[in-house]
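**Q** Prediction below, plus the sequence it came from.
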Amino acid sequence: MVREVRAESGGARGAIARVAGQLGVNPETLRNWVNQAGVDSGERPGTTTEDRKRIAELERENRELRRANDILKAASAYFARELDPRYPR
């Protein structure tokens, strides 16, 4: 809607505030949505929504793998102590 209003009026002045008022949302929220839509369409530089989701997914996977690695290290140390003949059981 913001793009349509901008195209009709020939300028960007007040378009976001006008559309935000019609939709009943905060103008700053709508401005963020318009900016993100520009990034997603390639009109503006930045991280796309799809890339953000992928990055979050990779960070989550990384955390899980680090946690699993820590568990495996602890288990390895435990069993190494159990099998070490120098220590009495």
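**A** Okay, I see it. What you see is a predicted model; the values in this text were computed from it and never measured. Residues are numbered from 1 along each chain as shown.
**Q** so which strand or helix has residue 29?
**A** Assigned by DSSP states H and E, residue 29 falls within helix 27-41.
**Q** what's residue 45 sitting at in phi/psi?
**A** With angles defined as degrees, to the nearest 10, residue 45 sits at phi -80, psi 150.
**Q** And residue 14, by the same measure?
**A** According to degrees, to the nearest 10, residue 14 has phi 80, psi 0.
**Q** got it, and residue 24?
**A** Here is the backbone geometry of residue 24 (degrees, to the nearest 10): phi 80, psi 30.
**Q** what's the answer for residue 46, then?
**A** Dihedral pair for residue 46: phi 150, psi -180, per degrees, to the nearest 10.
**Q** quick one, what contacts it?
**A** 35, 39 (C-beta atoms under 8 Å, 6 or more residues apart in numbering). Any C-beta I mention is one placed from the backbone N, CA and C, and that applies to glycine too.
**Q** before we move on, what about residue 83?
**A** Here residue 83 is in contact with no residues (criterion: C-beta under 8 Å, 6+ apart).
**Q** mind giving me the domain split of this structure?
**A** 1-46, 47-89 (automatic domain parsing).
**Q** residue nearest the centroid of this structure?
**A** residue 52 (3.7 Å; C-alpha atoms, centre = their mean).
**Q** now the helix or strand encompassing that one against helix 27-41, angle please.
**A** Assigned by DSSP H and E, residue 52 belongs to helix 49-83. Helix 49-83 runs at 80 degrees relative to helix 27-41, counting by axes from the mean of the first three to the mean of the last three C-alpha atoms, to 10 degrees.
**Q** now helix 49-83: mean pLDDT?
**A** What helix 49-83 shows for mean pLDDT is 95.
**Q** so how far is it from its chain's centroid?
**A** Mean C-alpha position of helix 49-83 versus that of the full chain (C-alpha atoms, centre = their mean, to the nearest Å) differs by 20 Å.
**Q** buried ones in the helix holding residue 29?
**A** 30, 34, 36, 39 (16 or more other C-beta atoms under 10 Å).
**Q** need those residues in TSV with pLDDT and distance to residue 76, can you?
**A** TSV is the format used below for the buried residues of helix 27-41 (pLDDT from 0 to 100; distance: C-beta to C-beta, whole Å):
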residue	pLDDT	distance to residue 76
30	93	54
34	92	53
36	93	45
39	94	45
